[in-house]
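> what follows is a predicted structure for the sequence shown.
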Amino acid sequence: MNLRKLLFFSLGIVASIAVEAQNLSQHNWYFGNKGNAIRFNRATNKPFVVTNNAITVGTGGTAVATDPLTGDILFYTDGVNVYNANHQVMPNGSGLNANTGANQPVVLSSKPHDSTKFYIFTNTAHYPTVGSIYIDTVDMNQFGGSTFPSPPLGDVIAKNKAMAGLTGRSEGMIVIPTSTKMDTLWLITHKSGSQDYAVTRIDKTRTFPTTVYTIASNVPPPGQVPISVANFSYNKRLKKLAVSPQNPNADALILNFDETTGALTWDRYIYNTGQPTTTGQSIYNIQWDNAGQYLYISRVGETGINADVFQYDYLNPGNTLVSVLKSPEYRSWGLQLAPDSTIYHIYQTVAGGPY
């Protein structure tokens, strides 16, 4: 398992999220091609490795539903199969539509006003091939693979329903809840090769209305704005959405997000983050820190371009990008902010090696 604690943040940042840390919904991770998982201690947020998960996954990883009060795993999915807490495929839980080789192939959302149901959103995109978004529904009241009096393990009760208007998508996909209440969430996707970002409202109406925001830069280089998105990362404190493009030589960018209306507007480019790659995308992933001062950008790497992770100072944008790796790796992949306020980094040391 090639996963490193990339960065440690100050005690002040840890203290500032103490109240938020009572939400344990991010305490189970499944990732990588070696069947590994990480869980975080409910009391201390310290990580420990578990190896009892059912699947190995690609670089795109999985989406995990965790009870926010207990930290118990409910289910997880790679976007093709849905596994219950016993690591067995749920009834009707196979054959979902995601492309597991993509960057963000699957995301989850709770169903507003129904704590026992969840939505799974899958994406068929795999750059440069565009994709479509589909929705699946999990009902945790269904017994699934369990037998009374054991608690229910859940069923997939609806599967592979196409989301209206969400075709021609990039790989990037994210669900953002509102800050004050959970009766509204937002699914954000992007039309590949364009300036168009689709914001889909998730609420109790179950109608999923979508608004498209065409984002135009007010600074050069304006020609970079039509892109294909690899990954989104959102910071709730700043209300900023970071966007990593898949196009070679395209710089990462930041958008403003209004959690009340779902509106997206332009903020800035992060200059010099793109590279003129010849074999694929330059930037693989992007991740905010808790405080919203720093963004971390994972550069994939290829012959002649080192795989690396760079730090961008949002509050001091004139500062030079800083490499945070002690030495270059063969390939740099995912970044993820953890409950312990650390950003974790998935990487490969050699061609064909584990990650």
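Sure thing, it's come through.

> where along the stretch 1-150 of the chain do the helices fall?
11-16 (DSSP state H, counting those that start in this stretch).

> in it, which spans are strands?
3-7, 28-31, 36-40, 47-50, 63-66, 73-77, 82-84, 106-111, 114-123, 133-139 (DSSP state E, counting those that start in this stretch).

> using PDB, list the CA coordinates for the second one.
Presented in PDB, the C-alpha positions along strand 28-31 are these (Å, rounded to 0.1, in the frame of the first residue of the first chain):
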ATOM      1  CA  ASN A  28     -13.900   4.700   6.700                       C
ATOM      2  CA  TRP A  29     -11.700   4.700   3.500                       C
ATOM      3  CA  TYR A  30     -11.400   2.100   0.800                       C
ATOM      4  CA  PHE A  31      -8.800   2.600  -2.000                       C
END
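
> in the chain, which helix or strand is least confident?
Of all helical and strand segments in the chain, the minimum by mean pLDDT, DSSP states H and E falls on helix 11-16, at a mean of 28.

> next one, pLDDT for the nearest residue to residue 173 once chain neighbours are set aside please.
Among residues not flanking residue 173 along the chain, residue 104 sits closest, at 4.6 Å (CB to CB, 6 or more residues apart in numbering). To be clear about C-beta, it is placed using only N, CA and C from the backbone, and glycine gets the same treatment. On pLDDT, residue 104 comes in at 92.

> so, low pLDDT: which residues of this structure?
Counting by pLDDT under 70, the chain shows low-confidence ranges at 1-22, 32-35, 53-60, 180-182, 218, 220-225, 355.

> any buried residues in stretch 62-77, and which?
With burial defined by 16 or more other CB atoms under 10 Å, the residues of stretch 62-77 counted as buried are 62-68, 71, 73-77.

> put the alpha carbons of that stretch into CSV.
Output of stretch 62-77 as CSV, limited to C-alpha atoms (Å, rounded to 0.1, in the frame of the first residue of the first chain):
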residue,chain,number,x,y,z
THR,A,62,-14.8,4.3,-3.9
ALA,A,63,-17.6,6.1,-2.1
VAL,A,64,-18.3,5.0,1.4
ALA,A,65,-21.5,5.5,3.5
THR,A,66,-20.7,5.8,7.2
ASP,A,67,-23.0,6.4,10.1
PRO,A,68,-22.1,10.0,11.2
LEU,A,69,-22.8,9.3,14.9
THR,A,70,-21.2,5.9,15.4
GLY,A,71,-18.6,5.7,12.6
ASP,A,72,-20.0,2.3,11.6
ILE,A,73,-19.7,1.5,7.9
LEU,A,74,-23.1,1.2,6.2
PHE,A,75,-22.0,0.3,2.6
TYR,A,76,-19.4,1.2,0.0
THR,A,77,-19.2,1.1,-3.8
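
> counting neighbours, what do you get for residue 129?
By other CB atoms under 10 Å, the residues close to residue 129 number 11.

> if I look at it, how far off is residue 100?
Distance, residue 129 to residue 100, by CB to CB, to the nearest Å: 14 Å.

> how about the strands of the stretch 1-150 of the chain in TSV, adding distance to residue 284?
Formatted as TSV, the strands of the stretch 1-150 of the chain follow (distance: least, CB to CB, whole Å):
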stretch	distance to residue 284
strand 3-7	14
strand 28-31	14
strand 36-40	19
strand 47-50	22
strand 63-66	18
strand 73-77	21
strand 82-84	25
strand 106-111	17
strand 114-123	16
strand 133-139	21
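
> residue 304: which of those strands is closest?
Minimum separation from residue 304 across the strands of the stretch 1-150 of the chain (CB to CB) falls at strand 3-7, 23.9 Å.

> beta partners for residue 120?
residue 108, residue 136 (DSSP bridges).

> and residue 121, what does it touch?
Contacts for residue 121 (CB atoms under 8 Å, 6 or more residues apart in numbering) come out as 106, 107, 108, 109, 133, 134, 135, 136, 163, 173, 175, 187.

> ok, 6 Å please
Shown in contact with residue 121 (CB atoms under 6 Å, 6 or more residues apart in numbering): 107, 133, 135.

> is it correct that the second one is in contact with residue 163?
Yes. Between residue 133 and residue 163 a contact is recorded at 4.3 Å, counting by CB atoms under 6 Å.

> which residues does residue 296 bridge with?
Counting by DSSP bridges, residue 296 forms beta bridges with residue 287, residue 311.

> burial measure for it, as a count.
Residues lying near residue 296 (other CB under 10 Å) number 23.

> contacting residues for it?
The contact partners of residue 296, by CB under 6 Å, 6+ apart, come to 287, 309, 311, 335, 343.

> distance of the fourth one from residue 147?
In other words, residue 335. Going from residue 335 to residue 147 by CB to CB gives 41 Å.

> between those two, tell me which one has more neighbours.
Per other CB under 10 Å, whichever of residue 335 and residue 147 has more neighbours is residue 335, with 25 against 8.

> wait, the more buried one sits on residue 287?
Yes. The pair residue 335 / residue 287 is scored as a contact, 3.8 Å apart, by CB under 6 Å.

> residues that sit against both of those two, list them.
Counting by CB under 6 Å, 6+ apart, the residues touching both residue 335 and residue 287 are 296, 343.

> hang on, residue 348 packs against residue 333?
No. Taking contacts as CB under 6 Å, residue 348 lies outside contact range of residue 333: 7.2 Å.
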